[in-house]
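Q: fold the following and give me the result.
(2 chains)
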Amino acid sequence: MGFGPYLLLATLEGLVTAAVLSLMALGLSLVFGVMRVVNVAHGEFFMLGAVLAWYFSSLVVGDPAIGFLLALALSPLVVALIAWLSDRLVLSRLKYEPEATIVATIGLLYIIQQLALTYYGADSRPVEAPFTWRIQLPWFGYSGYKLAVIGASILLVGLTALLMMRSRIGLIMRATQYDSETAQTFGIPVRRVYSAVFALGAALAAIAAVLVVPIRQAHYLMGQEPLLLSFIVVIIGGLGSLRGTVVAAVLIGLSDGIISMFFSPTLAKMLATLLVALVLVFRPQGLFGTAAR
Amino acid sequence: MTSNGISTPFSRRSVLKGLGASTGLIAAPGFMRYAQAQSSEPIRIGFQCHRTGIGASYGRWYERTTMAAAKLINEAGGINGRPLEIVIEDDGTDPARGAEVVEKFANQHKVDLVYGTLFSHVVVGSAPAAGELKMPYYVVSEGYHVASGKLNRYCLQPGITDVKAQVRSVAPWIADNLGKKVTLVYPDYAFGHDHRDFFEPAIQAQGGEVVAKVAIPPTETSFTRYLPQIPRNTDVIYHVMVGPAVLTFVKELGEFFGNSGPQLFGFIDSLEAVNINSPGLEFLDGSHFWEGMPRYAQPDQPDYVDFYRKTVGINDEGASVNDANDVSTNAHMFGCWETLFIIKRAMEAANYQGPQDRQKLIEATEAMEEMEAGREHPQGRKIFNGKIHQAFGEQSISKLEGGRLNVVHRTSVEDGLYEAEADYTTQSF
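A: A predicted model of the protein is given here:
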């Protein structure tokens, strides 16, 4: 295979990674930005989204597209509900203290993971893609569904941005992020905003998982690697900056795809980690973050 | 407890004291020994089980097979007139935990021996602990590590053929039937390296060659990026992958090559516990697999295979009789069954009475040679080489057609035999 097609394949693979990563990291960044909570259990919401996608799609017989659409509609809802409950029952009782919430979300991580192991099992299970177009290029074939994932991700990131920038609820969230005390004095129900943001963040991770599960499979340990990558993305992009998160996700996704294809996947991870270190040293607020007030 | 102050005749403190005293009495040295005669005490086998982690699907079926064989042994009178008791500890499919589990078996559970590990990195991680604690360690792993001589005298693998012998058995068939230019795709750690190191000389001996070697990190979840490394002149892709991502691998292989790809020869390890008719696996139709023991019931299988499948609880499709979606790891788990019967035979030959006889047990196992196919060896005949603590058996090559795996060739024990490269019997205990 020549250099051109090779690069094309690497770019496509990188874009798929970037697509999933931007959705997932967006959720993490949103939760941190508004609530100042470092959600270590974010990867488990991702896993839960995939596991539930398997569950919902297995309820439907017949056309796989119906099962997939059902999963796409219900799985993020259920995950959002679970996140909302965890916020009400755990995080709000800790008064969102940074140290306490980190420990609490680590606990949440283990609880969700072990529950998945107990009730879902240790096997990895496939979810059928809604369609199986295969695009035959002169040099290699490529999955049409993967291209659809890239498209869906762009759409969803756009919708989230629109929600944050143009809607009233977005305005409320941004106000809470800017200064929660002042927001409260202006009558914004900060507690409820926090719960909603936590649920929205988890739902974004779940949507990413539903999109990716026909490409990978649902497995109870699948949340770990995306969590790590999301942290890398959020740190590089700037904690709480949505634009930075998306730019960093594309950067990390593409570099992961291209470097690991031409050199080795380990080198790609090393470079990403090095970039995090450099960002932390020279621009601690991230590429697009604003310095702490 | 409620806070409205219900009074009871016992204070909390007195109950605790009483509990403590009685626990102390039971735990006191000698208490149990007087209660039970030495000879009727069970023989305790510590089962190092992959209940969680990436090996959990295998662990589940290793456990079922072990319990089925242990029940059978107990119903037939146990070992040396004593019942067999299986003590299970989860190692999380993790080498560090594995070593801790071996220590726990030795110091806390006081087992007679440790048994049942599959994943090669856990075996390699646990073996030094077994050696130090002088604990017999019977693994069911198929890695070459035992036969290599790099472990110690306490480590044995009498119930399953190792990768080196498996590879040597199947290479002539691949060269004759599929093609001579082979690309290897394997996981980048010990188990995959065994395949890499032993397949190349085996195929060269048949006039073939390995045209590329594609190593894939074990944590990888996406594979398309590796597929351009497969040269266009490849006749056969030899693939052996383990872990949760194997379905993805096969699917991406299909997307990449379409209908114009090379022949495929895989080790079923990739698809153990996975329904062969899962969405995305259509690409595998018509390809060939190595199987230790056939997953699907074969028309000509002997009675003892029927008996084994029924006792373990798998149907003709190789799934659990209770749940058709719960597919077994039948190509490997027979090793647990056979190893338990070998332990029984060795304990009887050594007149094993307790941990003081562990050396005699190992020597009795080392003395074994021929193992006839039958209820104790349902996978087939085996030859055991006591010098390298390794068994050699027959292998099956199956073709995936019509949604099931049909055996098309069965290798002989002699196809896989190789010269011993070590001698554990010269090591001191």
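
Q: so how far is stretch B:43-59 from its chain's centroid?
A: Distance of stretch B:43-59 from its chain centroid, counting by Cα atoms, centre = their mean, to the nearest Å, is 10 Å.

Q: does it reach chain A?
A: Yes - using Cβ under 8 Å from any Cβ of the partner chain, stretch B:43-59 reaches chain A at B:52-54, B:56-57, B:59. Where you see a C-beta, it was placed from the backbone N, CA and C, and this is true even at glycine.

Q: so which residues on chain A come close to chain B?
A: Within chain A, the positions adjacent to chain B are A:1, A:6, A:9-10, A:13, A:16-17, A:64, A:117, A:121-124, A:126-129, A:134, A:136, A:140-143, A:215-217, A:219, A:221-222, A:225, A:257, A:260-261, A:265-266 by Cβ under 8 Å from any Cβ.

Q: before we move on, the earlier item: tell me which of the residues of stretch B:43-59 next to chain A is nearest to residue B:186?
A: Among the residues of stretch B:43-59 next to chain A, residue B:54 lies closest to residue B:186 (Cβ to Cβ), at 16.0 Å.

Q: quick one: contacts for the residue in the stretch 101-250 of chain A positioned nearest to chain B?
A: The stretch 101-250 of chain A approaches chain B most closely through residue A:122 (3.0 Å), counting by Cβ to the nearest Cβ. By Cβ atoms under 8 Å, 6 or more residues apart in numbering or on different chains, the contact list for residue A:122 reads A:220, B:52-53, B:56-57, B:59-60.

Q: could you tell me which of the residues of chain A next to chain B belong to helices?
A: By the criterion of DSSP state H, membership of the residues of chain A next to chain B in helices covers A:6, A:9-10, A:13, A:16-17, A:64, A:117, A:225, A:257, A:260-261, A:265-266.

Q: and the two most separated of these?
A: Across these, the longest distance by Cβ to Cβ is 39.3 Å; it joins A:6 and A:117.

Q: any weak-confidence spans in chain B?
A: B:1-39, B:242-244 (pLDDT under 70).

Q: repeat the analysis, applying 50 as the threshold.
A: B:1-7, B:25-37 (pLDDT under 50).

Q: surely residue B:282 touches residue B:253?
A: No - Residue B:282 lies out of contact with residue B:253 (Cβ atoms under 8 Å); the separation is 11.5 Å.

Q: more neighbours: the two, which one.
A: Per other Cβ atoms under 10 Å in any protein chain shown, whichever of residue B:282 and residue B:253 has more neighbours is residue B:253, with 24 against 13.

Q: give the contact list for the more buried one.
A: B:223, B:227, B:237, B:239, B:261, B:264, B:283.

Q: can you tell me which of those residues is nearest residue B:196?
A: Out of these, the member with the shortest distance to residue B:196 (by Cβ to Cβ) is residue B:239, at 12.2 Å.

Q: buried ones among the residues of chain A next to chain B?
A: Neighbour-count burial (16 or more other Cβ atoms under 10 Å in any protein chain shown) is assigned, among those, to A:6, A:9-10, A:13, A:16-17, A:64, A:117, A:121-124, A:126-129, A:140-143, A:215-217, A:219, A:221-222, A:257, A:260-261, A:265.

Q: top of the contacts of residue A:122 by neighbour count?
A: Counting by other Cβ under 10 Å, top hit in the contacts of residue A:122: residue B:59 with 29 neighbours.

Q: would you say it is within a helix?
A: Yes - Residue B:59: assigned to a helix according to DSSP: H, G, I helix; E, B strand; the rest coil.

Q: so it sits right up against residue B:65, yeah?
A: No - using Cβ under 8 Å, residue B:59 makes no contact with residue B:65, being 10.8 Å away.

Q: hang on, the earlier thing: quickly note the distance from the residue of the stretch 101-250 of chain A closest to chain B to residue B:49.
A: Residue A:122 sits 12 Å away from residue B:49, going by Cβ to Cβ, to the nearest Å.

Q: just residue B:323 next, same as before
A: 20 Å.

Q: more neighbours: which of these two?
A: Shown here are residue B:323 and residue B:49; by other Cβ under 10 Å, residue B:49 has more neighbours (27 against 9).

Q: next one: phi and psi at that one?
A: Main-chain dihedrals, residue B:49, degrees, to the nearest 10: phi -110, psi 140.

Q: quick one, helices of chain B?
A: So, for chain B - with DSSP H - the helices run B:12-27, B:31-35, B:56-75, B:95-104, B:120-132, B:163-177, B:190-204, B:246-257, B:303-312, B:330-349, B:358-366, B:413-416.

Q: so which of those helices gets nearest residue B:212?
A: Checking the helices of chain B against residue B:212 by Cβ to Cβ gives helix B:190-204 as the closest, at 11.2 Å.

Q: what about that closest one, near chain A?
A: No - under the criterion of Cβ under 8 Å from any Cβ, chain A is not reached by helix B:190-204; the shortest gap measures 15.0 Å.

Q: and the angle from that helix to helix B:120-132?
A: Counting by axes from the mean of the first three to the mean of the last three Cα atoms, to 10 degrees, helix B:190-204 lies at 110 degrees to helix B:120-132.

Q: buried set for helix B:190-204?
A: For helix B:190-204, burial by neighbour count (16+ other Cβ under 10 Å) applies to B:190-196, B:198-200, B:202-203.

Q: same question for stretch B:221-232.
A: Per 16+ other Cβ under 10 Å, stretch B:221-232 contains these buried residues: B:221-228, B:230.

Q: ok, which of these also contact chain A?
A: Among these, proximity to chain A is found for B:221-222, B:224-225, B:227-228 (Cβ under 8 Å from any Cβ).

Q: coming back round to it: out of the ones in helices among the residues of chain A next to chain B, which is nearest to residue A:56?
A: Using Cβ to Cβ, these come closest to residue A:56 at residue A:64, 12.0 Å.

Q: ok, residue B:254 - contacts?
A: Going by Cβ under 8 Å, 6+ apart, residue B:254 touches B:280, B:282-284.

Q: out of the residues you listed, who's nearest residue A:193?
A: residue B:280 (41.7 Å).

Q: the closest one touches residue B:251, doesn't it?
A: Yes - using Cβ under 8 Å, residue B:280 is in contact with residue B:251, at 3.8 Å.

Q: ok, those two, which is more surrounded?
A: Neighbours were counted for residue B:280 and for residue B:251 using other Cβ under 10 Å; residue B:251 has more, 27 against 21.

Q: for the ones next to chain A among the buried residues of stretch B:221-232, work out which two are farthest apart.
A: Among those, B:221 and B:228 lie farthest apart (Cβ to Cβ), at 18.0 Å.
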